[in-house]
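> quick check, what structure comes out for this input:
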Amino acid sequence: MQLTFLIVALHYAVKQGDRDSVKTLLDSLTAEQQLKLLSIKDEDGKTAVQQRAPADQRKEIEKMLKQ
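Numbering: from 1, shown residues only. Got it, this is the predicted structure:
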């Protein structure tokens with residue numbers, strides 16, 4: 001998969017509060033690839049961890065991203 005696609009997909013999934021998609025995307029990568037992906041900023045200058053998931057999903061998604 002292209003890195004750009006993964007960045008966009010992960011950031012979108014986080015913003016939508018889609019836990020299953022976030023988990024699937026991260027599980028498809030090695031630990032090294034996950035770290036690289038999570039450190040890349042989008043066009044707004046935010047990493048996936050800095051994106052704001054909907055309030056009802058925020059804690060679970062933040063926990064997934066930080067593991």
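
> low pLDDT regions in the protein?
1 (pLDDT under 70).

> let's see 80
Applying pLDDT under 80 to the chain flags residues 1, 3, 67.

> all helices for it, in order.
3-16, 19-27, 31-39, 55-66 (DSSP state H).

> buried ones in the longest one?
Okay, so that is helix 3-16. Buried residues in helix 3-16, counted by 16 or more other CB atoms under 10 Å: 6-7, 9-11, 13-15. (Glycine included, C-beta is placed from N, CA and C.)

> show me which pair in those residues is furthest apart.
Leu6 and Lys15 (14.9 Å; CB to CB).

> how much space between Pro54 and Ile61?
9 Å (CB to CB, to the nearest Å).

> what sits in contact with each of those two?
Residues touching both Pro54 and Ile61 by CB atoms under 8 Å, 6 or more residues apart in numbering: Gly17.

> and those two? Which one has more around it.
Ile61 (24 against 12; other CB atoms under 10 Å).

> could you check how far Arg58 is from Asp27?
Taking CB to CB, one finds Arg58 at 20 Å from Asp27.

> neighbour count: those two, which is higher?
Arg58 (14 against 9).

> report how many residues lie close to the closest residue to Ile61 other than its chain neighbours.
Spatial nearest neighbour of Ile61, chain neighbours left out: Ala53 (4.4 Å); criterion: CB to CB, 6 or more residues apart in numbering. For Ala53, the neighbour count with other CB under 10 Å is 22.
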